[in-house]
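Asks: sequence and predicted structure, then a few things I'm wondering about:
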Amino acid sequence: MSAFQSFLSVPIKATVSRDGVLLSADPPLWRLHVLAGGNDNSEIAVPGLAALAATALRTRMRIERPVRTADEENDIELWVAAVPQNDVVSLIITGWRDVVPPADRAEREESVDLAKNDSNEILIDPEQRVVRLPSTFPSQGIGQHFGSLFVVESDDSGHIPLIDALMERRAITQVPIGVIGKPERYVLDLTPQLASDGRYLGHIGRVTAIADDVDGENLNSARSDLPMSRQLASVLKQPLNRIVANAETIGSRVHGPLRDNYAEYAQDIANAARHLAELVSDMEDLDAIDRPDFSAARDRLELGDVARRVGGLLALKASDHGISLVLPPDTEKVAAIGEFRRVLQVMLNLVGNAIRYAPGGSIVTITIEKQADFASISVADQGQGVPEEDRERVFEKFERLGRSGDGGSGLGLYISRKLARFMGGDLVVTGAPGGGACFRLTLPAR
């Protein structure tokens, strides 16, 4: 959920019947339903929403996840919560982001003369692929993602403002960059290009060499020493997320009947791509938190809200493993200070681990507590637990305590503890009642 940036101040809501009929919908969602071929008293016509509603009804659990759809012009990514209530499902859309598809060549040519010969000009399409490069640059760079060709600097939190500016279609002025495989350093200027109807066509601009730049000699080597740069992560995540979304759509049979073994293949593909995406995220986080200048934000949090969000995100995974999640009641609240997305990341890792390693039919319990100047949120399972002699070792980098075939990277707990300490708290493991493990995240109280 941390990657979703366009959250709505006022949620968009809808109600779906047990038979999949769209009973009510706020105007933006009703419009998507009609564009997809739906009408009054018809089944909800947006496939991803139909599949999510059906899954929530079948499992009787609140589920949150992204859903991809489209209108007349753009792909649209929604963040949706499906909440079963008696014989209906409430759909609550809290995130809405337009994903503009690439303009075709004819549309680009309206704005940009591709035959023009400019030795310093660079042209980037709407998906951040390089269309034109200066004549002195490697020709094999044409068609590559911008982030896989250029070396750009990250900020204190590990983010790369230049990549963010491209994604948000903003102008870029006098940004220093390097080129992979070249010792020289350059200055980049880019301007977003729009068609006559306002559609985004990409960025166009110039790359100018910096003369006698001594500091530039170390730019490539400094970034190449990192285990995974954010540029490479952004290149990998997009296709992996598409694989997951497409495989889940196929496996859910929303487009029609499908043989059981084919549906299982689709789920295997989705799981494999999801695992690879998690590994990329782990390496990206490792890159960021091992930097000496890394820091965490100080957001005002409510840990009960965090626990319930995590429960909604992992409800389906828990159900698939035969695990029951026990969450704090809505009336229980504990205020804390920490970076919201990082706290959510830590909790998703802890609860995900508990679901993965606890036996089927057992219970995973999330509790919150206020303790003097600290607030805590704990995850307790009914699994084998962690032996006392291994309770520090489990937080070491790449440590997996002999679990060699579960698909983990051995980085999750290392990253989680580092994040907890950057936020002024800590992460420890103790024994849980019945012999399981209890991981407790503490944060400064407010």
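Replies: In hand now; what should we look at?

Asks: can you give me the strands in the stretch 151-300 of the chain?
Replies: For the stretch 151-300 of the chain, the strands defined by DSSP state E, counting those that start in this stretch cover 172-179, 185-194, 200-209, 299-302.

Asks: can I get those strands in a markdown table with mean neighbour count and mean pLDDT?
Replies: (C-beta placed from N, C-alpha, C; glycine too.) Shown next, in a markdown table, are the strands of the stretch 151-300 of the chain (neighbours: other Cβ atoms under 10 Å; pLDDT from 0 to 100):
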| stretch | mean neighbour count | mean pLDDT |
| --- | --- | --- |
| strand 172-179 | 17 | 78 |
| strand 185-194 | 19 | 80 |
| strand 200-209 | 20 | 80 |
| strand 299-302 | 16 | 89 |
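
Asks: would you list these in CSV and tack on distance to residue 70?
Replies: Formatted as CSV, the strands of the stretch 151-300 of the chain follow (distance: least, Cβ to Cβ, whole Å):
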stretch, distance to residue 70
strand 172-179, 28
strand 185-194, 20
strand 200-209, 16
strand 299-302, 33
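
Asks: quick one, what contacts residue 24?
Replies: 14, 15 (Cβ atoms under 8 Å, 6 or more residues apart in numbering).

Asks: again, but for the one 10 residues further on
Replies: For residue 34, the set of contacting residues under the criterion of Cβ under 8 Å, 6+ apart consists of residue 45.

Asks: any idea which helix or strand carries it?
Replies: Per DSSP states H and E, residue 34 falls inside helix 27-35.

Asks: buried ones in that helix?
Replies: 28, 29, 30, 32, 33 (16 or more other Cβ atoms under 10 Å).

Asks: model confidence for the third one, exactly?
Replies: For residue 30, the model assigns a pLDDT of 90.

Asks: counting contacts, what elements does the following helix or strand past the helix holding residue 34 pack onto?
Replies: Once helix 27-35 ends, the next helix or strand along the chain (criterion: DSSP H and E) is helix 47-59. On a contact count with 3 or more Cβ pairs under 8 Å, 6 or more residues apart in numbering; DSSP states H and E, helix 47-59 meets strand 7-17, strand 63-70, strand 75-85, strand 88-99, helix 230-251, helix 303-320.

Asks: angle of helix 47-59 against helix 27-35?
Replies: Helix 47-59 runs at 110 degrees relative to helix 27-35, counting by axes from the mean of the first three to the mean of the last three Cα atoms, to 10 degrees.

Asks: now do the buried residues in helix 47-59.
Replies: Within helix 47-59, the residues that qualify as buried are 47, 48, 49, 50, 51, 52, 53, 54, 55, 56, 57, 59, counting by 16+ other Cβ under 10 Å.

Asks: which of those residues sits closest to residue 327?
Replies: The shortest approach to residue 327 among the buried residues of helix 47-59 belongs to residue 59, at 15.4 Å (Cβ to Cβ).

Asks: show me what contacts that closest one?
Replies: When contacts are counted by Cβ under 8 Å, 6+ apart, residue 59 is found next to 84, 315, 316, 319.

Asks: in those residues, which has the lowest confidence score?
Replies: residue 316 (80).

Asks: how near is that one to residue 56?
Replies: Using Cβ to Cβ, to the nearest Å, residue 316 is found at 9 Å from residue 56.

Asks: and the longest helix along the chain, average pLDDT?
Replies: For the chain, the helix that runs over the most residues, judged by DSSP state H, is helix 260-289. In this model, helix 260-289 has a mean pLDDT of 75.

Asks: in it, what counts as buried?
Replies: Those would be 266-267, 269-270, 273-274, 276-289, for helix 260-289 by 16+ other Cβ under 10 Å.

Asks: JSON lines for the helices and strands packed on helix 47-59, including distance to residue 381 and mean neighbour count?
Replies: Listed next are the helices and strands packed on helix 47-59 as JSON lines, based on distance: least, Cβ to Cβ, whole Å; neighbours: other Cβ atoms under 10 Å:
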{"stretch": "strand 7-17", "distance to residue 381": "31", "mean neighbour count": "16"}
{"stretch": "strand 63-70", "distance to residue 381": "21", "mean neighbour count": "20"}
{"stretch": "strand 75-85", "distance to residue 381": "25", "mean neighbour count": "20"}
{"stretch": "strand 88-99", "distance to residue 381": "29", "mean neighbour count": "18"}
{"stretch": "helix 230-251", "distance to residue 381": "26", "mean neighbour count": "18"}
{"stretch": "helix 303-320", "distance to residue 381": "11", "mean neighbour count": "20"}
